[in-house]
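Enquirer: I need the structure of the sequence given here:
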Amino acid sequence: MLLDVNSILILVGIGLFAGVVNTLAGGGSLVTLPVLILFLGLDEATANGTNRLMVIVAALVASYGYKSKGVSTHPYGLYFGIAATFGAIIGAKIAIDIDGNTFKRFLAIIMITVGLIIVFRSKSIASLNLPERLSGKYLVAALIGFFFIGIYGGFLQAGVGIVIMLLLTQVSRLSLVRTNSVKAFSVFFYSIAAVAIFALDGKIIWMVGFWMVLGSIVGAWLSSRWSVDKGDKVIRITLLIMVTYMAIKLWLDTFNT
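Expert: Predicted coordinates for the structure are as follows:
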């Protein structure tokens, strides 16, 4: 696909935006996917697959950014990433063959539910500095949760960061900064499998993905390091904004299909 200068600038710009949003909260793909479908005219599966290039690179850069600031959650990011990979293989295969409209309706309900939980909780567990729960039944529960997260992440990446953050803050009791560190590495890990499946089916346009990747690298690196300095508050604000946006957008989209 030949791209003009305007198309390249738009792709870099949305990649930058998504890199920031995905690192701080999640939901950047709800901006990038419509652009790929409506602006470039890609079919849903190809847009979905091409978008994964940006996701995987931004997640890797964000993970390194957190590590460079002394935030490390090894080996739990690896454990959760492996669990999610099994789910992502299933989800990506489904995404190639099935139209996404039904799943978008389901996702709208999930995002509204998550948004209500975040908005109406007077105090987040992540803000209470409670002991982390990363062993025993809590580790098993998180691993099972990441398997199902992987299914959704493999199917339609948009919004998966919100669900990961909810799981890790409520079940594992991680702070939001440490949650984002785990999120970044686990998303990178399972996205490898998803990208491979989309690529084998010819559902990735590499040049389009390349320009989005350039923008997302900058966004992910800057936001990962900045969020560590600013702490949980800025992440919480971004999270609330994106959950609200996603819930409204997805809910309205169900009436347009």
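Enquirer: Look up how far Gly219 lies from the nearest residue to Gly77 once chain neighbours are set aside.
Expert: Among residues not flanking Gly77 along the chain, Phe185 sits closest, at 3.5 Å (CB to CB, 6 or more residues apart in numbering). Any C-beta I mention is one placed from the backbone N, CA and C, and that applies to glycine too. Per CB to CB, to the nearest Å, Phe185 is found 17 Å from Gly219.
Enquirer: so where do the helices sit in the stretch 151-257 of the chain?
Expert: Using DSSP state H, counting those that start in this stretch, the helices found in the stretch 151-257 of the chain span residues 160-170, 176-200, 206-230, 232-253.
Enquirer: Of all those helices, which one comes closest to Ala18?
Expert: Ranking the helices of the stretch 151-257 of the chain by proximity to Ala18 (CB to CB) places helix 206-230 first, at 5.8 Å.
Enquirer: That closest one: how far from the chain's middle?
Expert: Distance of helix 206-230 from the chain centroid (CA atoms, centre = their mean, to the nearest Å) equals 13 Å.
Enquirer: Least confident secondary structure element in this structure?
Expert: Scoring the helices and strands of the chain by mean pLDDT, DSSP states H and E places helix 101-120 at the bottom, with a mean of 62.
Enquirer: What number of residues are in the vicinity of Ser72?
Expert: Ser72: 15 surrounding residues under other CB atoms under 10 Å.
Enquirer: show me what contacts the residue nearest to Val12 when sequence neighbours are not counted?
Expert: Leaving aside its chain neighbours, Val12 sits nearest to Gly215 (4.1 Å; criterion: CB to CB, 6+ apart). Shown in contact with Gly215 (CB atoms under 8 Å, 6 or more residues apart in numbering): 11-19, 54.
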